[in-house]
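Engineer: need a 3D model of the following:
(one chain, ligands or ions: 3)
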Amino acid sequence: MQSADTWDQVDRYITERLIPQDPVLEQALASNRQAKLPSYDVTPAQGKLLQLLVQMHGSRRILEIGTLGGYSTIWMARALPRDGQLVTLELDPVHARVAKANLSLAGLEERVELRVGNALDQLAEMEREGVEPFDFIFIDADKPNNPGYLQWALRFSRPGTVIFGDNVIRDGEILQEDSTDLRVQGVRTFYDLLAAEPRITASAIQTVGSKGYDGFVLGIVTS
Ligand code: SAH
Ligand code: DHB
Ligand code: MG
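Structural biologist: Numbering: from 1, shown residues only. Ligands and ions are numbered 1, 2, ... in the order given. Modelled structure (predicted):
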């Protein structure tokens, strides 16, 4: 049985070999720490994975729910073509301010629209604005609202849209059907909706690394 320390060291090993040092991404993480944002950012290896998925898929329009300091945003937005767009939603104005500065340092102000407010309200507002469907949707905000986010993601999808969700294993706590943790219940309902939804085909992958034991859901909208 390997320990969390091994997972962390292996994550470093992977990062040192496969992820080129990048002053902008490193500065973004430093700014997030400096501003005392919670360290919920994806890891470098996960950020690169997000970027590869966006590249593989040829996504031109990305929706991110849960910006924090914009670390995952930078990884994904950099894989967009010049005329691509990423819309990212963040509730906390302090997080949003740090993210704005990080995105500006990354030179991504034109390609990224950061909308501040409750994501469920922002999504309803986007629908009223007649938003175009997205190609790739990353769900990574407050987990109790995951069921609502999935429903909006479907509304903003077209056949072929990829839906990617973070933190869907939670140290294995998702097994606890009677959990009083609303995040666990949000994620469990998210799985139930995916299971019952004929318009999505999905899988989930368990991960270990510097953020411990967690995982991702990956789905594709079929119709
Ligand atoms: N995707 C980021 C991490 C996001 S952490 C990265 O990997 O770099 C989750 C974020 O969701 C936090 O910044 C939190 O403030 C935000 N959040 C929480 N509840 C929210 C809500 N109701 N609407 C929008 N954002 C919310
Ligand atoms: C939490 C949220 C995240 O998005 C994450 O990647 C890790 C932890 C949390 O709310 O605990
Ligand atoms: Mg997360």
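Engineer: number of residues surrounding whatever residue of the chain ends up closest to ligand 2?
Structural biologist: Closest approach between the chain and ligand 2, counting by CB to the nearest ligand atom: Tyr40, at 3.7 Å. All C-beta atoms are positioned from the backbone trio N, CA, C, and that covers glycine. As a burial measure, Tyr40 scores 17 neighbours (other CB atoms under 10 Å).
Engineer: next one: phi and psi at it?
Structural biologist: Dihedral pair for Tyr40: phi -100, psi 0, per degrees, to the nearest 10.
Engineer: begin at 12, not 1, for the rest of this chat.
Structural biologist: Will do, 12 is the new start, and the previous item becomes Tyr51.
Engineer: what about the closest residue to it other than its chain neighbours, neighbour count?
Structural biologist: Once flanking residues are discounted, Tyr51 sits nearest to Leu79: 5.8 Å by CB to CB, 6 or more residues apart in numbering. Leu79 has 26 neighbouring residues, counting by other CB under 10 Å.
Engineer: and for Thr191?
Structural biologist: 7.
Engineer: pLDDT value on it, please?
Structural biologist: At Thr191, the pLDDT value in this model is 98.
Engineer: find the nearest non-adjacent residue to whichever residue of the chain sits closest to ligand 3, please.
Structural biologist: Relative to ligand 3, the nearest point of the chain is Asp177 (3.5 Å; CB to the ion). Once flanking residues are discounted, Asp177 sits nearest to Asp151: 4.2 Å by CB to CB, 6+ apart.
Engineer: who touches the one you found in this structure?
Structural biologist: Residues counted as contacts of Asp151 (CB atoms under 8 Å, 6 or more residues apart in numbering) are Val53, Glu75, Ile76, Gly77, Ser83, Gly176, Asp177, Asn178.
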